[in-house]
Structure formats: structure tokens, C-alpha cells
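Visitor: Dropping a prediction and its sequence here:
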2 protein chains.
Amino acid sequence: MRAESRYRQIARTLRREIQEGSLPQGGQLPSEKQMEERFEASRNTIRLALGMLRNQGLIVSRPGRGHYVQDVVPEIFYATRSRGGPGGFNEPNLAGLTLEELQLLSANSDIAPRLRVPEGTMTVVRHLHRFAGDRSGSVSSAFYPMDLVEGTPLMLPEDVESALEVLMDHGHRQVGYVDELETRMPTPQEASQLELTPGVPVLEVHRTDYSEDRPIRLVHTVYAGNSIRYQYEHGDLNAYHRD
Amino acid sequence: MRAESRYRQIARTLRREIQEGSLPQGGQLPSEKQMEERFEASRNTIRLALGMLRNQGLIVSRPGRGHYVQDVVPEIFYATRSRGGPGGFNEPNLAGLTLEELQLLSANSDIAPRLRVPEGTMTVVRHLHRFAGDRSGSVSSAFYPMDLVEGTPLMLPEDVESALEVLMDHGHRQVGYVDELETRMPTPQEASQLELTPGVPVLEVHRTDYSEDRPIRLVHTVYAGNSIRYQYEHGDLNAYHRD
DNA sequence: GCTCTCAGCTTGTTGGTACAGGTTGAGTTG
DNA sequence: CAACTCAACCTGTACCAACAAGCTGAGAGC
């Protein structure tokens, strides 16, 4: 078993052919039966190799159709975090945000410390689904301490243009935030919501918004890893006017 | 085939048991033979289920030993990006940075636009390997326009305490930066360098440092997804003194 | 007591077979 | 001509068998 196993060799060969472009993007791979002959291996071995490529996000497989070369970068949406207007740190390139569900929840040990409220404090949770073009871009949950949003449109099961503006109108102006980013493989539920092909990780962003006094919002967002590029700017970059 | 397939059922059952903690972290799963009996399925079917869990990063498999529950969060290293001293935006929690290789390279179409130099311009590339404790934390490549680093220690194959300080001493003070973050599955080479188990994605950060005049450095860093949490702070958070 | 061998466990790899169910296009039928 | 059927392909799932190779501990041999 010292030597590289057969299916890994086959995967490597196919990977090279894909990356070199012998097989064009979106193009169809030979059928498993054809590959059996080409590589002189059993269908089982071929399928192991194809499974590797699928898990690496290089191909997608369609039952009854065949295996296809995956578009390497389907489309990338930028989420730029930079100093905007007063209290505004926006995501201009991601649109199509819709409210999925509104929920009342008592803060658990994961939520409470970040919002700086006692465990068990009631919070309003707004679950959002954000589309980018015709693709699913992200799912997020925004947690608001109950006392901050009572009597505001955020308590209603309706879309809200800008939640931060609503909070500002009620005396809670955002003056800063902390983002924590991590990456991991999606849960099956997320894979289905974000329409992820196997082998695509997710980017999870935990954002805490602060007013001068206290945390005013916590947003957990999960992005499809293959269609998001997150961008942060810090410092004095006025001279550059980045396109 | 409408119904959920057998191996997916088995994977779901095991996943639930892992997440509920019936199987402790680091604990060993029953052997494949035992699972054959428990689930009344063939070894092949069991292995398909285990393969799913492995690709989701929930278990690791050791030949001759068995399958083990993966530590969900082995250890997390924070890389905080916040306004530090003059020109300093550091990563206090990641240490053990060593120079792997020094290279002269002409800027390609990926590098040149970000450094705002013509394609083909010579750049000095410093490949770094960063350990965190006894684990491999990240690999990175820093690109410097040749004319900026000529005659500085950055041209020498030696470790440098703080590259930004060296640049500052030669008249190029960092005043800001732009970070671009994305996530993807590792290349086989990265998986081996970072000692990644299957099913662990990487976080890739492209950072461009600017002086008042021009981009002075480009750093591509690849972090092991299971041991990094990236953190950004923006705005006025003085009142909070986050621990 | 110490070391060394090896049987017996484990997972990894490869071969085979069979059938289910999606997809397509040729050919038939109205 | 249009719709429909169906054979022939495709991948997905499930089973069986065999051998390779890593690992461990019991027991033999020193």
C-alpha cells in the first residue's frame, strides 16, 4: 500500500486534465464505463476517483446524465466592510434580502454574552435569506435584545429596509462593530438552503453591532464559500479610490 | 430511490449521536464489522456513511486503529485586525513565524494589479510558515516590489522581526490595508503542509498594505479552517475593552 | 524479565454483480 | 405532425469477496 493507490492516481490524472483545460469548464467527462476501459480499472475504483474530485468541488454529477466539470468560480459577490456614512457599514453588492421567519427566543449561552445580557433574556430573532442574482447567497439570523426593538417595525413580520436605521431612529446609533469569521463545512440543512454542491465550504460571520452604550445587534451569517469574497478596509486609503 | 438511502440514514444516525455527545470527543466509533451487525448493512454501505462524516470533518479514520470522533474545535487562534500603534495591525496570538524560502519572481497578472506595478516587474517573495503551539497554523507568501526592498534585510534569507517596521525605516510607512477573504477546500499540497484532515476547508486571506503613496506589500495567507477565527473591529469601541 | 514473533484485529483498496431510477432520443402510434 | 412508448444509456445504491497494510497484545523464546 506504499505506492499511491490506483483511484488516487486516476483522480490526479483527471484533476490535471481539468486544470489544464483539456476538459473545458462545464464540459462532460467520459462515462464511468468508458473510463473503466481507459484506466483499466473497475467501476468501483473509477467512482472512488470521481468521488474525490466531487468532494474537491471540481466536478458535479447528475444522475442519468453524467459528470461535468464544475465552473471554478461561478460568480463572486463582494461584501465590502468599510467606513461608510454615519453608522453605515453596508454590503452594497448583495441584494434581494427577504425575511424568512420572525421568532422570539431567550438568549442562550452562545448569544447572551455577546449581547451582554443575562442568559434567558428575551430576544427578537429575524431569519433572513439573501439572494444574489438567481442564486442563493447567504442565510442569516439577526438577534435583537427585546427591549431595544419593542414598538418598532423590527417586531413585525415584514421586510425592513435598514434595521440599523430603525434602531438609530429609536435612539440606538451604531458606532462600531466586531466581526468574527470562520470557515467550516456546511450542515446538511445549510447545504440544501444555499444549494451547495458537495465539497463547497461555508464562510460564517458573527457580527456584533455596538452603540455608544451597549451591543445592539448580533448577526450570524452563513455564506456559500464558492460565491463570496469578503473584503475589509482599514486605515487611510483616501488616495486610492479603489474601483 | 425516492426514500433516503441507507447509507445516508446511517450517517445521519451517527452524526446525531456525535453531536449529542453519546460518543465523546476523541472517542472511538465501533468497528465497521460491529456496525454491519448493528445497522444490518454491508461493510460497503457502512463505509459510505463513514465517508460522509469524514468529509464533513466529524470523524478521522486511522488505518489499523479505527474511526474516531474529531474534536469539533481543536484549538482556536484569534487573528485580530484592529487599529494598533502607528502602522501596526498585528496578529498577537499567532507566533512561531519562520522563513521557508526566499524567491525572486516577476509579477504575474494576479500579483501585478494589486501591487499597482506593470506585469513582469520583479518582486521579492518571502514564503513563511507559521506555527501555533505545536500545530501548523498557516502558510503565507509576502510579495514586495523589488525597488522597495533593495538593500534591506528583506532581501536576505533570514527571519525578520517585523517587515512593516523595516519598510517604515526605509521611508514606506503603512497607513492602511485591504483584506480580501475567501474560503475553499485545500489543495493536496496545502493539506499536507497544514496537516489538515479530510473535510477541513482553508481560509485564504489576500492582504494589500498601503503607504501614503502606493501598495507596499501583498500577503497571501492560507489558514487551517479548523483552527482559525478571524476577527475585525471597526469604529469606536473604546468603551468596551473587549477581553 | 525482556524482546520478538505473529495471530487477529483494524481500515484501505480493488474487483465483481445487480438493480433502481433519471435522461434521452429513436421509433412507433394516433 | 404531434404525442407517446421504450430501449439504451447514464449515475446512485447496495451487496459480496478478497487481499493489503497498519496496529496491538498474547505468548513464545531468549
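Guide: All right, it came through fine.
Visitor: Does A:Arg217 touch A:Ser140 like I think?
Guide: No: between A:Arg217 and A:Ser140 there is no contact, the gap being 11.3 Å when judged by CB atoms under 8 Å. In short, each C-beta sits where N, CA and C put it, glycine included.
Visitor: the more surrounded of these two?
Guide: A:Arg217 (25 against 20; other CB atoms under 10 Å in any protein chain shown).
Visitor: Beta-bridge partners for the more buried one, please?
Guide: Beta-bridge pairing of A:Arg217, defined through DSSP bridges, involves A:Asp209.
Visitor: Distance of it relative to DNA strand C?
Guide: A:Arg217 is 42 Å from DNA strand C, where distance means CB to the nearest atom of the strand, to the nearest Å.
Visitor: try A:Tyr68
Guide: 12 Å.
Visitor: Kindly state the beta-bridge partners for that residue.
Guide: Going by DSSP bridges, A:Tyr68 forms beta bridges with A:Gln28, A:Val60.
Visitor: Let me know the next secondary structure element after the helix or strand of chain A with the lowest mean pLDDT.
Guide: Least confident helix or strand, chain A: strand A:77-81 with a mean of 52, by mean pLDDT, DSSP states H and E. Next helix or strand after strand A:77-81 toward the C-terminus (DSSP states H and E): strand A:97-106.
Visitor: Output that following strand as CSV, nothing but the C-alphas.
Guide: The C-alpha trace of strand A:97-106 is given here as CSV (Å, rounded to 0.1, in the frame of the first residue of the first chain):
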residue,chain,number,x,y,z
LEU,A,97,-32.8,40.2,1.2
THR,A,98,-36.1,38.7,2.4
LEU,A,99,-37.5,37.9,5.8
GLU,A,100,-38.0,34.1,6.3
GLU,A,101,-39.2,33.9,9.8
LEU,A,102,-39.6,36.0,12.9
GLN,A,103,-39.0,34.4,16.3
LEU,A,104,-38.9,35.2,20.0
LEU,A,105,-36.1,33.4,21.7
SER,A,106,-34.5,33.5,25.1
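Visitor: for it, packing partners?
Guide: Contacts defined by 3 or more CB pairs under 8 Å, 6 or more residues apart in numbering or on different chains; DSSP states H and E place strand A:97-106 against strand A:122-132.
Visitor: count of neighbours near A:Pro118?
Guide: 10.
Visitor: that's a helix at it, yeah?
Guide: No: counting by DSSP: H, G, I helix; E, B strand; the rest coil, A:Pro118 falls outside a helix, being coil.
Visitor: Give me the local confidence score for it.
Guide: pLDDT for A:Pro118: 84.
Visitor: separation between the residue nearest to it when sequence neighbours are not counted and DNA strand D?
Guide: Spatial nearest neighbour of A:Pro118, chain neighbours left out: A:Ala112 (6.5 Å); criterion: CB to CB, 6 or more residues apart in numbering or on different chains. As judged by CB to the nearest atom of the strand, A:Ala112 and DNA strand D stand 40 Å apart.
Visitor: show me what contacts A:Ala112?
Guide: A:Pro118, A:Glu119, A:Gly120, A:Thr121 (CB atoms under 8 Å, 6 or more residues apart in numbering or on different chains).
Visitor: Check those residues and tell me the two furthest apart.
Guide: Spanning the widest gap among the contacts of A:Ala112 are A:Glu119 and A:Thr121, at 7.2 Å by CB to CB.
Visitor: quick one: which of the contacts of A:Ala112 is most hemmed in?
Guide: That'd be A:Thr121 among the contacts of A:Ala112, by other CB under 10 Å, with 16 neighbours.
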